[in-house]
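A.B. asks: Below are the sequence and a predicted model for it; my questions follow.
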Amino acid sequence: MSGPAVGLAILRRRRRSVALAGVVMIVVFGTMLGHVGQHMLRSMLVPGSGLYDQHLLLGVGVTVAAVMATVAWVRWGADWAVVVVLATSVVLSGLLANSHHEGGVATALTPSAAAHEFPLVIIVVGALGWVRSVMRQVPVVRHLHRRSVRERQGIDDIGTLPPVDRCRTAVVAALAGGWSTETERAIVAAIEAPDVARRARRINAISRGRLGGDPFRRDHAVVRAALTLWGCRDESGADDLHGEAGRSWTGVPSSEPGWVRLVDGTMTVAALASSDPVAAERWASTLTTSMTLHRGHRPASVWTPLGFRLGRADEWEHVAATALARANGWIRDDDWAVLRQRALGAAARGAGHPADERTIAAARIWVALVGDTDADRVLSRPTVRRDPLAVALDAYATRVRDDAHRPMQGAGA
Amino acid sequence: MTDVVDRQDQGAEQPIPLLSEQPRRMGPVTRRLVLRTVGIVAAAQIVGLVLVFGVGGERATAAGLSLAFPGGGLLYDASPILFAVTAGLVCLAFVLWWGISAVWALPVVWVGSGVLAVVLADGSRLWVADGTSWGFAVPVVYAVAVASLGALVWSFEHRYRSKLARVPELNEHLRNGAVPEPDRTWIDPDDMDAELLRWCYSLALQPLDEFEGFEWGDQFHGGTCVRYQLNYLGWALAEYAVNHIPNAPTEIELVLRNMMLKQTDLRVWSYWRTLNLIGNFDGNPDPLVRDNIMFSGFTGDQLNMYEAATGSGYFDQPGSLTFVWKDGRTFSYDHHTWMDEVRKNFDASELGFFPCEPGWAFAACNTIGAQALLGYEVLHGRGLWSELEPRWRATLEHEYLMPDGNYANIRCTRTGLSWDTGETPGGEYLVTGSNGFVDVAPDLARRGRAIATRGLPKKMAGLRMMLQDGELSMELPEEWERNRARKTALNGWTKLIGGARLCGEGAVASAAHRAAARQCATGDRWPERPMAAGVQNMATHMMVRWGAPMSTGMLNLRGYVPPVGPVVGPVPWPQAMVTVARSVDGVTLDLSVRPVEGALDDSLALSFSALRAGATYRLTGEGVDAAFTADGDGAGSVSVRLGSAVGLRLVPESAG
């Protein structure tokens, strides 16, 4: 079996083990520990809910802590926080459960309104993201949101982006090439800025308790790719990146511990591809398995310990990641079929919002690859010149187009 | 049958149709629509009478009076404030009906006030005892209803009879009065023209998705609609292309093309979905498929002007005019399919004219729609206009014509009613469309001109007397622009130049060009405006200013004719721009190139084609005297100092 296949087999085993452990706990709590077990079971399924009957404030506090831990996990990879809150919730429920209160308790075998799985917290987080995206479609909210977006003036403003977007921009800019010396200096300064390392240190500390040392020794895939491409890491740094990619079943290091993001993973592997065909092969496999296109969308992230998908990739992330993947030959044209209309919609809305501007620029890569002249006519209307990442993607699209039109070397020889 | 008087003895191209001495009050379709409306109102009145005088009782009386007049039942319920509120809402409903095609607004207010009146019939009251009813409201409401109806009928009948009374006098004028021939003298573009052209180029040559310098505001009606700004600029620039720079086609083609492509920007046409939803209960955003002639007709005409001025078939390519909705749905058109949609809308219209905003068919827009079909037929030979013309003309003459030769501005396609919307004096005009009928109905254009110019030559002669050394030293008063954004004197100058042209007073027109520049020039450049007026009014001014010798109407009839004589090649924008490039004799070339961002001392490379192969040409002007020999393909080039490139002349010195 090849590397990716081995990785997937391991994942399947892990998932089965976790599911089995969950079932065992449900059975034990629900049937063998009596009333106390029922409280523990409730807290296992909805952290804190086992305390609601007699210690409402404490129960609500645990539930809020669970939500915060989930957010910390999803954003920074602090998976231990979820485990700690969950365990604490179960233990507290067991210790504080009182068998003399009356009514309202769900039994393990009787479904009740409170009996849901803990992963529903994740669904709540996903739902909040969905609400946010829907709200942004409401005209007044959209207008206010657009007004709140900082306007940038091209790639030389790369330093004003948040650290991760800065590094994404730097990776795509490096792949596109052809920048002036002044712009290259701006890019290097932007990715070497102290806040990039500061963010990495903070995440390392929160998620894995890693203090001191090289903040980029593990994870932070796209940041390390940017630093490597722009010569800001020494050779050992580049070797570490390749080594970690080789150890990952996805073919790419995580962005934050445990999380491999669609857009970061694709950009990182695109940066590594020329020197690391194994990483490219594994990432191609990931794009057709864990991150495959499902009902018109790809996931924003995959949690590598168990390989489950989280959320939907934003429109621009989907277009940009798949365009880069298509340019590298890792996927076919299926994504364009579902992205085409969305990209044209972004072009119609114009380049006023960075997300639309990125979608437009990334879609230009797609049309250069698939030769969709009708879409090209529409996508060529907006001017991409504000958001640095969009400008970098646009430059990459130009390069892809130029390469497509360049006569084959040695033809007829 | 309409009588005509043959005025060929006076140099007229076509006989002028006389006005009917016994015109019908309404055309057949309008009559049917009005009768239907009257029937609905009459039925409501009969039901109301039955409820008030047959059924009786407080609730039935309140309901009956509400049917007699909006809010009448509320007055009966001793609620004068609600009655006044209803009256206010009725006024608002009329505004919304016209403004955003909310045809349902008036019925909603009417029925809603009736339901409220019935609910409140036995209810509590402010200031008076609960359950009080004002019996005097019955005669008062019926009096108000009869007075309103009477005022409506009287106003229509009075207007009709007043106009009818003028017919003999007008026909006498049409038979024997002097009708001046328009002046079509070419006027050499001056500094103001160059500033205006530079501003237009700057607008058009910015990126397609940018609209710096355009005016943004309400996109439903009026002076800030960007679609109209683009239409008028496209028309004006087409005139400039054929009158002043027919032998320098490169830059103007791109300028005119971009003015068209900007029409496909979502911000320009997305207003239509709102109107379609409110007025037709149809959520389809496609701007061409239903109604919306103020877009499809106007921009279709702009499309023809582009092709007639440049000869380019760019928009004949499938999908070259693709509209994309914000969700990515696309509506793809080209010159041919665009015109098919205009024609389909005409064919589907019961009235013969189809609506701009849902339910409202304007004569002006339907004339421009007709211009679009005619221009397309001239350019492409498909008989979209010829087949439609009899029906279109019948609608114009039977449904819109008033006894005195004016045409109603607007007609409701659902009720058959017209009223003065305040857009044109009296809600009517003698000629309309951007070409004043000269292309789609030349005989009616002459009749309109004959009536419109009565007494005008005398006024123009007075102005001619005011000329001192060829200059008009007067200033015109400022008037509000249509969108009330600012006051401007430019509209007055536009009318004066147009009037002078119409009366054959070329000297007055030429002096008015300069006087307008003196009074209205701001000294600003794009993105600010070079004249003190809004974009739409500036564009209208340019249409009049640049409309000789060939107007858009004449261009629409002519179609594309390739230039004769030497043709100038590309001139790099924004270094410089060509302001004159014309060959009067087909041999020599008059040429002016002005700096834009280039310095006066810059060297400007001029290339020429369509020269006589092997002939020696000399380019002369102030400080310029250069010779070159055309190659075997009839091409040649020469460099001049940019500051000396105005007033050049290219002449062949020796035969090839």
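C.D. replies: On my side now, so go ahead.

A.B. asks: Just the element for the closest residue in space to B:Thr310 that isn't next to it in sequence, please.
C.D. replies: Leaving aside its sequence neighbours, B:Thr310 sits nearest to B:Glu253 (Cβ to Cβ, 6 or more residues apart in numbering or on different chains; 4.3 Å). From N, CA and C alone the C-beta is placed, and that goes for glycine too. Using DSSP states H and E, B:Glu253 maps to helix B:249-261.

A.B. asks: Surely A:Ala300 forms part of a strand?
C.D. replies: Yes: with DSSP: H, G, I helix; E, B strand; the rest coil as the criterion, A:Ala300 is located in a strand.

A.B. asks: That one is in contact with A:Trp316, isn't it?
C.D. replies: No: counting by Cβ atoms under 8 Å, A:Ala300 does not reach A:Trp316; the two are 11.6 Å apart.

A.B. asks: residues in contact with the closest residue to chain B within the stretch 151-300 of chain A?
C.D. replies: Scanning the stretch 151-300 of chain A for proximity to chain B using Cβ to the nearest Cβ identifies A:Gly296 as nearest, at 12.4 Å. Shown in contact with A:Gly296 (Cβ atoms under 8 Å, 6 or more residues apart in numbering or on different chains): A:Val338.

A.B. asks: ok so, going back, return the list of helices and strands in contact with the helix holding B:Glu253.
C.D. replies: Packing contacts for helix B:249-261, counted by 3 or more Cβ pairs under 8 Å, 6 or more residues apart in numbering or on different chains; DSSP states H and E, involve helix B:191-205, helix B:226-243, helix B:293-310.

A.B. asks: export these to TSV and tack on mean pLDDT?
C.D. replies: Output for the helices and strands packed on helix B:249-261, formatted as TSV (pLDDT from 0 to 100):
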stretch	mean pLDDT
helix B:191-205	97
helix B:226-243	98
helix B:293-310	98
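
A.B. asks: Could you dump those into TSV and include mean neighbour count?
C.D. replies: Shown next, in TSV, are the helices and strands packed on helix B:249-261 (neighbours: other Cβ atoms under 10 Å in any protein chain shown):
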stretch	mean neighbour count
helix B:191-205	21
helix B:226-243	26
helix B:293-310	27
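
A.B. asks: okay, now B:Ser637: neighbour count?
C.D. replies: As a burial measure, B:Ser637 scores 13 neighbours (other Cβ atoms under 10 Å in any protein chain shown).

A.B. asks: again with A:Thr88
C.D. replies: Quick note: A:Thr88 (other Cβ under 10 Å) scores 16 neighbours.

A.B. asks: Same check on B:Gly359?
C.D. replies: 20.

A.B. asks: Double-check it against B:Arg414; I have them as touching.
C.D. replies: Yes: with contact defined as Cβ under 8 Å, B:Gly359 and B:Arg414 form a contacting pair (5.0 Å).

A.B. asks: Where is the longest helix in chain B?
C.D. replies: For chain B, the helix that runs over the most residues, judged by DSSP state H, is helix B:137-165.

A.B. asks: buried set for it?
C.D. replies: For helix B:137-165, a neighbour-count test (16 or more other Cβ atoms under 10 Å in any protein chain shown) marks B:Ala137, B:Val138, B:Val140, B:Val141, B:Tyr142, B:Val144, B:Ala145, B:Phe156, B:Arg159, B:Tyr160, B:Lys163, B:Leu164 as buried.

A.B. asks: how about B:Tyr429, what does it touch?
C.D. replies: B:Ala363, B:Ala364, B:Asn406, B:Tyr407, B:Asn409.

A.B. asks: Chain A versus that one, what's the distance?
C.D. replies: 37 Å (Cβ to the nearest Cβ, to the nearest Å).

A.B. asks: Output the set of residues of the stretch 251-400 of chain A in proximity to chain B.
C.D. replies: Contact residues (Cβ under 8 Å from any Cβ of the partner chain) of the stretch 251-400 of chain A with chain B: A:340-351, A:374, A:377-378, A:381-383.

A.B. asks: go again using 7 Å as the cut-off
C.D. replies: A:341-342, A:344-345, A:347-351, A:374, A:377-378, A:381-383 (Cβ under 7 Å from any Cβ of the partner chain).

A.B. asks: what's the average pLDDT for stretch A:20-40?
C.D. replies: For stretch A:20-40, mean pLDDT rounds to 85.

A.B. asks: go on, stretch B:431-449?
C.D. replies: For stretch B:431-449, the mean per-residue pLDDT is 95.

A.B. asks: Not counting it itself, show me its contacts.
C.D. replies: Stretch B:431-449 is touched from outside by B:12-17, B:174, B:179, B:235, B:301, B:363-364, B:367-368, B:370-371, B:374, B:393, B:405, B:407, B:430, B:502, B:551-553, B:556-557, with contacts defined as Cβ atoms under 7 Å, 6 or more residues apart in numbering or on different chains.

A.B. asks: Okay, and which of those map to strands?
C.D. replies: Using DSSP state E, the members of the contacts of stretch B:431-449 that fall in strands are B:Ile16, B:Pro17, B:Tyr407.

A.B. asks: And stretch B:591-607, end to end?
C.D. replies: The straight-line separation of the ends of stretch B:591-607 (Cα to Cα, to the nearest Å) is 12 Å.

A.B. asks: Extract the C-alpha trace of stretch B:544-564 and format it as CSV.
C.D. replies: C-alpha atoms of stretch B:544-564 as CSV (Å, rounded to 0.1, in the frame of the first residue of the first chain):
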residue,chain,number,x,y,z
VAL,B,544,-25.8,69.5,-29.8
ARG,B,545,-22.3,71.0,-30.0
TRP,B,546,-20.8,68.2,-32.0
GLY,B,547,-23.9,67.3,-34.1
ALA,B,548,-22.9,69.0,-37.3
PRO,B,549,-22.7,68.4,-40.1
MET,B,550,-23.9,64.9,-39.2
SER,B,551,-26.4,64.4,-36.4
THR,B,552,-27.1,61.1,-34.7
GLY,B,553,-30.3,60.9,-36.8
MET,B,554,-28.4,61.3,-40.0
LEU,B,555,-25.8,58.8,-38.9
ASN,B,556,-28.5,56.3,-38.0
LEU,B,557,-29.9,56.5,-41.6
ARG,B,558,-26.4,56.5,-43.2
GLY,B,559,-24.8,53.6,-41.3
TYR,B,560,-21.1,53.1,-41.5
VAL,B,561,-19.1,54.6,-44.3
PRO,B,562,-15.3,54.1,-44.3
PRO,B,563,-13.2,57.2,-44.3
VAL,B,564,-11.7,58.5,-47.5
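
A.B. asks: Tell me which residues are up against it.
C.D. replies: B:184-187, B:193, B:235-236, B:238-240, B:242-243, B:246-247, B:304-305, B:307-309, B:311, B:371, B:374-375, B:378-379, B:434-436, B:438-439, B:494, B:497-498, B:501, B:513, B:583, B:586.

A.B. asks: With stretch A:371-388 instead?
C.D. replies: Contacts with stretch A:371-388, where a contact means Cβ under 7 Å, 6+ apart, come from A:151-155, A:157-158, A:161, A:169, A:340, A:343-344, A:347, A:350-351, A:354, A:357-358, A:360-361, A:363-364, A:367, A:390-391, A:394, B:207-210, B:319, B:322, B:324.
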